[in-house]
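Asks: make a model of this:
(chains A and B)
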Amino acid sequence: EDQVTQSPEALRLQEGESSSLNCSYTVSGLRGLFWYRQDPGKGPEFLFTLYSAGEEKEKERLKATLTKKESFLHITAPKPEDSATYLCAASDPIQGAQKLVFGQGTRLTINP
Amino acid sequence: DAGVTQSPTHLIKTRGQQVTLRCSPKSGHDTVSWYQQALGQGPQFIFQYYEEEERQRGNFPDRFSGHQFPNYSSELNVNALLLGDSALYLCASSLATGYEQYFGPGTRLTVT
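Replies: Here you go, the predicted model:
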């Protein structure tokens, strides 16, 4: 069964303290690994898509990387406005559809 | 360029009632997916519509049904509501030829 697991469940950092979030997946025929940011009570906001092992994408203080079994979201010198839940999802294209299998998310808090 | 829109924003229903949620996809997108997100969890795939037909369905009972209209907008219907149906319902749109899904703000459904 397809599975996506994120760790840690929650992470509290001081402003400027860099860290990484982990996403491990077991999805046969992976067609993409996605990172989203979700603020409380709102819909997920698209951040990155990674398609193949070794690929990296960057946006401001965030960098996403992908291996054959996991993905990392690196946060460099975070600011309080980076506080949110970060969701990882794997695309499982069964029967032509584009089902996303999500992890449970990592709740990130950046203290000033 | 309008993103994904959903209505209503919030909804309170009584156990046993029926509810209809609506979604308009991002301009240019032709595929709509619906997800259920319980508090503190990642979104769970309900089903996906393309060309007015259901392409794939997740592990949800037949009480959950949907429809896609010729203008690509979509509805999610839930019959015989249970307390456990209380959640944030998310609509995501994409291109049939792509894998990236963009989410709307969600509809918060509370069943009492």
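
Asks: end-to-end on stretch B:10-26?
Replies: 21 Å (Cα to Cα, to the nearest Å).

Asks: mean confidence (pLDDT) on it, please.
Replies: Mean pLDDT, stretch B:10-26: 98.

Asks: list the contacts of it.
Replies: Residues from elsewhere that reach stretch B:10-26 (Cβ atoms under 8 Å, 6 or more residues apart in numbering or on different chains): B:1-8, B:31-32, B:34, B:72-83, B:89, B:91, B:93, B:102, B:104, B:107-112. The C-beta positions use only the backbone N, C-alpha and C, and glycine is treated the same way.

Asks: make it 7 Å
Replies: B:3-7, B:32, B:72-83, B:89, B:91, B:93, B:102, B:104, B:107-112 (Cβ atoms under 7 Å, 6 or more residues apart in numbering or on different chains).

Asks: buried ones among those?
Replies: B:3-4, B:6, B:32, B:72-76, B:78, B:81, B:89, B:91, B:93, B:102, B:104, B:107-109, B:111 (16 or more other Cβ atoms under 10 Å in any protein chain shown).

Asks: which of these fall in strands?
Replies: B:6, B:32, B:74-76, B:78, B:89, B:91, B:93, B:102, B:107-109, B:111 (DSSP state E).

Asks: intersect those residues with the contacts of chain A.
Replies: B:Tyr102 (Cβ under 7 Å from any Cβ of the partner chain).

Asks: of the ones in strands among the buried ones among the contacts of stretch B:10-26, closest to chain A?
Replies: Nearest to chain A, judged by Cβ to the nearest Cβ, of these is B:Tyr102 at 5.7 Å.

Asks: sorry, back to before: would you turn the ones in strands among the buried ones among the contacts of stretch B:10-26 into CSV with pLDDT and distance to B:Gly40?
Replies: Output for those, formatted as CSV (pLDDT from 0 to 100; distance: Cβ to Cβ, whole Å):
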residue, pLDDT, distance to B:Gly40
B:Gln6, 98, 21
B:Val32, 96, 25
B:Ser74, 98, 26
B:Glu75, 98, 27
B:Leu76, 98, 22
B:Val78, 98, 21
B:Tyr89, 98, 16
B:Cys91, 98, 21
B:Ser93, 96, 25
B:Tyr102, 96, 23
B:Thr107, 98, 18
B:Arg108, 98, 14
B:Leu109, 98, 16
B:Val111, 98, 18
